[in-house]
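1. From the sequence below, what's the structure:
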Amino acid sequence: MKLYSFFNSSASYRVRIALALKGIDHETVGVNIRIGQQNSLEYRRLNPVGLVPALITDEGDALGQSLAITDWLDRHFPQPPLLPTNDPERMRVLEVVYAICCDIHPINNLRVLRYLSDELKVSEEEKNRWYAHWIQQGLSAVEQLLRRSDAGPFCVGDRPTLADCCLVPQWANALRMGCDLSGYPRCKAVYEACMALPAFITAAPENQQDKIPA
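-> Modelled structure (predicted):
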């Protein structure tokens, strides 16, 4: 199995966490999205969307989109499960997953930030304000979702789920961007609980072979 990934991509980070939680052996291939390697013809043949991550299964099938990949992993490597099988736990996990992956990440990822700078010519200060605004909007909602489902140290319950795979990368990116995160104590507690686990440490950006010095 081969994962095409970028060390600082939150979508790649989600999949790396899922692979580590399940203990799945795989090869990682770095794709430097800062210099546009994801737009090469060779990579686009694997992932026509031109984003990371992409997973090549042992059967040679190529799959893009982090949530599609984690769904595939959960069906083919069911232990430990990323999604609870029963409601209300499954419903609560997916609420958090979609709040992050649909409402925060798409409008704050690298290609959007570059469009703001390169095409719309916004200043660095304005770009950072854009990023911080959507973090505030999104994490305020996630904080309330976590408080509603507060039943353990993780997003939902007493073990990591797909919700934690999504929250940790988003929180890490917000930290890197210097956002004020003081208003989200439940999110912070989940992040800290996750980062005490070997799987999350292994998957962290600073521990990837393709890490680029700051």
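2. burial of residue 36, as a residue count?
-> Neighbour count for residue 36, taken as other Cβ atoms under 10 Å: 11. The way it works is simple: take the backbone N, C-alpha and C, and place the C-beta from them, glycine included.
3. Equivalent analysis for residue 190, please.
-> Using other Cβ under 10 Å, residue 190 has 27 neighbouring residues.
4. Please identify which helix or strand holds it.
-> helix 185-194 (DSSP states H and E).
5. Also residue 28?
-> Assigned by DSSP H and E, residue 28 belongs to strand 27-30.
6. Tell me which strands that strand pairs with, and in which orientation.
-> strand 2-5 (parallel) (DSSP bridges).
7. ok, residues contacting stretch 178-190?
-> Applying Cβ atoms under 8 Å, 6 or more residues apart in numbering, the contact partners of stretch 178-190 are 128, 131-132, 135-136, 139-140, 142-143, 146-147, 150, 153-155, 164, 167-168, 171, 174-175.
8. and the residues you listed, which are buried?
-> 131-132, 135-136, 139, 142-143, 146, 153-155, 164, 167-168, 171, 174 (16 or more other Cβ atoms under 10 Å).
9. Can you show me the helices along the protein?
-> 10-22, 41-46, 66-76, 89-101, 110-118, 124-148, 162-176, 185-194, 198-203 (DSSP state H).
10. For these, could you give me CSV that also reports distance to residue 32 and mean pLDDT?
-> Formatted as CSV, those follow (distance: least, Cβ to Cβ, whole Å; pLDDT from 0 to 100):
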stretch, distance to residue 32, mean pLDDT
helix 10-22, 12, 98
helix 41-46, 11, 94
helix 66-76, 18, 96
helix 89-101, 23, 96
helix 110-118, 11, 93
helix 124-148, 21, 95
helix 162-176, 17, 97
helix 185-194, 26, 97
helix 198-203, 18, 98
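11. any chance of these in JSON lines, with distance to residue 55 too?
-> Putting the helices of the chain into JSON lines (distance: least, Cβ to Cβ, whole Å) gives the following:
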{"stretch": "helix 10-22", "distance to residue 55": "7"}
{"stretch": "helix 41-46", "distance to residue 55": "9"}
{"stretch": "helix 66-76", "distance to residue 55": "5"}
{"stretch": "helix 89-101", "distance to residue 55": "16"}
{"stretch": "helix 110-118", "distance to residue 55": "20"}
{"stretch": "helix 124-148", "distance to residue 55": "26"}
{"stretch": "helix 162-176", "distance to residue 55": "14"}
{"stretch": "helix 185-194", "distance to residue 55": "22"}
{"stretch": "helix 198-203", "distance to residue 55": "14"}
